[in-house]
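**Q** Sequence and predicted model, in that order:
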Amino acid sequence: MLKSFVTLIITLIVGVVFMAIGNDFFNGFTDIGVIFAVAVAGALIVFFNEQKGK
């Protein structure tokens with residue numbers, strides 16, 4: 001359960017940070033936050049599943 005909360009917090013932080021970066025540097029392209037948040041969440045799910053198998 002703790003891993004779920006860690007994934008949630010990291011995904012939210014990455015999404016908000018890249019949304020701000022996309023808004024400032026990429027001329028209003030805030031969708032980059034969603035793209036990076038989904039990519040990070042997927043990577044963390046794979047990472048935690050591999051840890052469970054060991």
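**A** Cool, the structure landed. In this text the structure is predicted, and so the values were computed from the model without any measurement.
**Q** And stretch 40-52, what's buried?
**A** For stretch 40-52, burial by neighbour count (16 or more other Cβ atoms under 10 Å) applies to 40-41, 44. (C-beta placed from N, C-alpha, C; glycine too.)
**Q** Give me the distance from it to the chain's centre.
**A** For stretch 40-52, the separation from the chain centroid amounts to 12 Å (computed by Cα atoms, centre = their mean, to the nearest Å).
**Q** Check stretch 20-37 too.
**A** When distances are taken as Cα atoms, centre = their mean, stretch 20-37 is centred 13 Å away from the chain's centroid.
**Q** tell me how far the ends of it are from each other?
**A** Between the opening and closing residues of stretch 20-37 lies a distance of 13 Å (Cα to Cα, to the nearest Å).
**Q** and which of the buried residues of stretch 40-52 is nearest Asn23?
**A** Of all the buried residues of stretch 40-52, the one with the least separation from Asn23 (Cβ to Cβ) is Val40, at 18.4 Å.
**Q** Could you double-check that that closest one sits in contact with Leu12?
**A** No: the pair Val40 / Leu12 is not scored as a contact, 10.0 Å apart, by Cβ atoms under 8 Å.
**Q** so how many other residues sit close to Ser11?
**A** No, residue 11 isn't Ser; it's Thr. Burial of Thr11 is recorded as 18 neighbouring residues (other Cβ atoms under 10 Å).
**Q** do Val14 as well
**A** Residues near Val14, counting by other Cβ under 10 Å, number 18.
**Q** Identify the residue spatially nearest to it, adjacent ones excluded.
**A** Counting by Cβ to Cβ, 6 or more residues apart in numbering, the nearest residue to Val14 once its immediate chain neighbours are dropped is Val40, at 4.7 Å.
**Q** residues contacting that neighbour?
**A** Under the criterion of Cβ atoms under 8 Å, 6 or more residues apart in numbering, the contact list for Val40 reads 10-11, 14.
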